[in-house]
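Enquirer: Here you go, sequence then predicted model.
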Amino acid sequence: MHEVGVIHGRFQVLHNDHLAYLLDGAKRCRHLVVGITNPDPFLTAPDPSDPSRSAPENNPLTYYQRQRLVRAVLLEAFTDNGCDPESFTVVPLPINLPELYRYYVPMDAVFFLSIYDDWGRRKRELFTSLGLVVEVMREVSPWQKGLSATEVRQRMIRNDPWEHLVPPAAAWLMKEWDVPGMLRRGASGVDNISKNDRFSA
């Protein structure tokens, strides 16, 4: 059991496998720091190991929306499992800009990582180059990865069922913000927070 762990993801959008990943990290530490990557276009840089990750169409939700999403999903899951709802923090994490990490996350924490592809291996290189303590939670081939946010977004665009692929709190927020409609309209998502959004989560 580590004192503090840092875990990260884009969460565009947060699905059931994301939740399993977050809960795995939470079990390994007393306090989990969730870093949301690609927080805005100015803190996002392309990487040759996975250039599509920085494309606007693959980043439809704002940082604000994603931090609310992560908080709502984790609060729901922690309440259901009897965990302390104060045992996690959500922060931005410009993953492609390692020189900025120290401004956002505790550098003496353990950095949790799942590896599926070249991008996962690249992140491990970034972490170890800074002397960070890295714990690989899972390392499998891409076809063993499981559910992807791309699949969920594509289902939304096609108007196929998608709600069963995300936690209940995520489904509620996706509908509240009309994310399926936004994706079908081809909106980039930047400055596209629904006017119906509320500061309630």
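Expert: Yep, that arrived. Here the structure is a predicted model, which means the values were calculated and not measured.
Enquirer: Which secondary structure element is home to the nearest residue to H31 once chain neighbours are set aside?
Expert: Among residues not flanking H31 along the chain, V4 sits closest, at 5.0 Å (Cβ to Cβ, 6 or more residues apart in numbering). To be clear about C-beta, it is placed using only N, CA and C from the backbone, and glycine gets the same treatment. In this structure, V4 sits in strand 2-9 according to DSSP states H and E.
Enquirer: Show me which residues of that strand are buried.
Expert: 2, 5-9 (16 or more other Cβ atoms under 10 Å).
Enquirer: tell me the two of the residues you listed that are most distant?
Expert: Distances among these were taken as Cβ to Cβ; the most separated pair is H2 and G9, at 18.6 Å.
Enquirer: What helix or strand is A169 located in?
Expert: For A169, the element it lies in under DSSP H and E is helix 168-176.
Enquirer: in the protein, which spans are helices?
Expert: Counting by DSSP state H, the chain has helices at residues 16-27, 63-80, 118-129, 149-158, 168-176, 179-185.
Enquirer: Could you give the number of residues near L97?
Expert: Residues near L97, counting by other Cβ atoms under 10 Å, number 15.
Enquirer: Over to I95?
Expert: Using other Cβ under 10 Å, I95 has 26 other residues around it.
Enquirer: For it, give me its contacts.
Expert: By Cβ atoms under 8 Å, 6 or more residues apart in numbering, I95 lies in contact with 8, 35, 37-38, 123, 126.
Enquirer: now it: how far from I36?
Expert: Taking Cβ to Cβ, to the nearest Å as the measure, I95 and I36 are separated by 9 Å.
Enquirer: Overlap in contacts, these two.
Expert: Common neighbours of I95 and I36 (criterion: Cβ under 8 Å, 6+ apart): H8.
Enquirer: hmm, back to that, any idea which of the helices of the chain gets closest to F88?
Expert: Nearest to F88, of all the helices of the chain, is helix 63-80, at 5.6 Å by Cβ to Cβ.
Enquirer: and that closest one with helix 168-176, angle?
Expert: Between helix 63-80 and helix 168-176, the angle formed by their directions is 150 degrees, by axes from the mean of the first three to the mean of the last three Cα atoms, to 10 degrees.
Enquirer: If we go by neighbour counts, what in helix 63-80 is buried?
Expert: Going by neighbour count (16+ other Cβ under 10 Å), the buried part of helix 63-80 is 63, 65-74, 76-78.
Enquirer: ok, now stretch 108-125?
Expert: For stretch 108-125, the neighbour count (16+ other Cβ under 10 Å) marks 109-116, 119-120, 122-124 as buried.
Enquirer: Only alpha carbons, please: show that stretch as PDB.
Expert: Extracted as PDB, the C-alpha positions of stretch 108-125 are listed here (Å, rounded to 0.1, in the frame of the first residue of the first chain):
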ATOM      1  CA  ASP A 108       7.400  11.600  -4.800                       C
ATOM      2  CA  ALA A 109       4.300   9.500  -5.500                       C
ATOM      3  CA  VAL A 110       4.200   6.200  -7.300                       C
ATOM      4  CA  PHE A 111       3.100   6.600 -10.900                       C
ATOM      5  CA  PHE A 112       0.700   3.800 -12.000                       C
ATOM      6  CA  LEU A 113       0.600   2.700 -15.600                       C
ATOM      7  CA  SER A 114      -1.100   0.300 -17.900                       C
ATOM      8  CA  ILE A 115       0.800  -0.600 -21.100                       C
ATOM      9  CA  TYR A 116      -0.900  -1.800 -24.300                       C
ATOM     10  CA  ASP A 117       1.100  -0.300 -27.100                       C
ATOM     11  CA  ASP A 118       4.000   2.000 -28.100                       C
ATOM     12  CA  TRP A 119       2.300   5.000 -26.400                       C
ATOM     13  CA  GLY A 120       2.300   3.100 -23.100                       C
ATOM     14  CA  ARG A 121       6.000   2.300 -23.400                       C
ATOM     15  CA  ARG A 122       6.700   5.900 -24.400                       C
ATOM     16  CA  LYS A 123       5.000   7.100 -21.200                       C
ATOM     17  CA  ARG A 124       7.100   4.700 -19.100                       C
ATOM     18  CA  GLU A 125      10.200   6.200 -20.700                       C
END
